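Participant: Build the 3D model from these lines:
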Amino acid sequence: MTAPATIELRDIRFSYPGGADMVFDLKIRAGEKVAVMGPSGSGKSTLLNLIAGFERPQEGSILIDGQDVTTLPPDKRPVSMVFQENNLFSHLSVRQNVGLGRSPSLRLNDCDRQAVESALMRTGLGDKADRLPAALSGGERQRVALARVLVRNRAVLLLDEPLASLGPALREEMLALIADLHLEGKMTIVMATHAPEDAGRLTDRLVHVAEGRIAGIGATKDYLGGQAPEGFRDYLGKNRA
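Facilitator: Residues are numbered from 1 along each chain as shown. The predicted structure follows:
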């Protein structure tokens, strides 16, 4: 298993065409589990996309494990990302969707195939390997996305509201699975979420993003326990309304 990595965003400036500037300065420790919370449109997903390489900043630098990755494409970064819609190919089986994590062409060697089977078993999908995504529940589809992360064996896992469409029982199941995977691999985890209960269940530290800025950082238990700046308390109150 790859060792976890630090993440640093140094003087990052980014804007979409016609949009306001976003400015990010942030350091995440290796093996840390961090929640990113804030209103819709505040920049949570953009922050994750910058780390992953799906967006490139106009200024500043991004370092992962001390390496400047600012100009590297996503596939060259030690990062995996799970999205809310899980990005599965409907015409491929569960096994094939997971295998894409090892080879986009699905040209797998024996080692690759062994890694795929191991990931399927660890995520409880061993008996569903030949099914198509349409035959799976929402939670099972997210398990496929996590299995694909496992076979990629990257140091950083980014989660962009991956549980938003799931009911309470499935959310708890998935959070438990992610926590177990972290215990096994100690990967660095950054999760964008609107759900305080998800942040409290999984993460150690919380980053509050507002209007394209990092408005505050603190221990998750403190932020969710009422010891947060007023801006986050206001957001949390509206989010729970």
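
Participant: The protein: strands as residue ranges?
Facilitator: Assigned by DSSP state E, the chain shows strands spanning 7-14, 22-28, 33-37, 59-64, 67-68, 79-83, 156-160, 188-192, 205-210, 213-219.

Participant: longest helix of the protein?
Facilitator: In the chain, ranked by residue count with DSSP state H as the criterion, the top helix is helix 168-185.

Participant: outside of it, which residues touch it?
Facilitator: The contact list for helix 168-185 (CB atoms under 8 Å, 6 or more residues apart in numbering) reads 1-2, 4, 33, 122-124, 137-139, 142-143, 146, 149-150, 157, 159, 162-163, 166, 187, 189, 195, 197-198, 201-202. (Each C-beta comes from the backbone N, C-alpha and C, glycine too.)

Participant: can you check stretch 104-121 too?
Facilitator: With CB under 8 Å, 6+ apart, stretch 104-121 has contacts from 94-96, 98-103, 126, 128-129, 147-148, 150-151, 153.

Participant: Any chance of a ChimeraX selection covering the buried ones in these?
Facilitator: To isolate the buried members of the contacts of stretch 104-121 in ChimeraX, using 16 or more other CB atoms under 10 Å:
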select :94,95,96,98,99,100,101,102,128,129,147,148,150,151,153
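
Participant: From residue 148, how far off is residue 4?
Facilitator: 19 Å (CB to CB, to the nearest Å).

Participant: buried ones in stretch 220-232?
Facilitator: Buried-residue list, stretch 220-232, by 16+ other CB under 10 Å: 220, 223-224, 228, 232.

Participant: okay, and for this protein, where does confidence drop off?
Facilitator: Within the chain, the ranges that satisfy pLDDT under 70 run 1-2, 86, 238-241.

Participant: Please compute how far stretch 78-90 lies from its chain's middle.
Facilitator: Stretch 78-90 has its average C-alpha position 9 Å from the chain's average C-alpha position, going by CA atoms, centre = their mean, to the nearest Å.

Participant: go on, stretch 54-70?
Facilitator: Between the centre of stretch 54-70 and the centre of its host chain there is 17 Å, according to CA atoms, centre = their mean.
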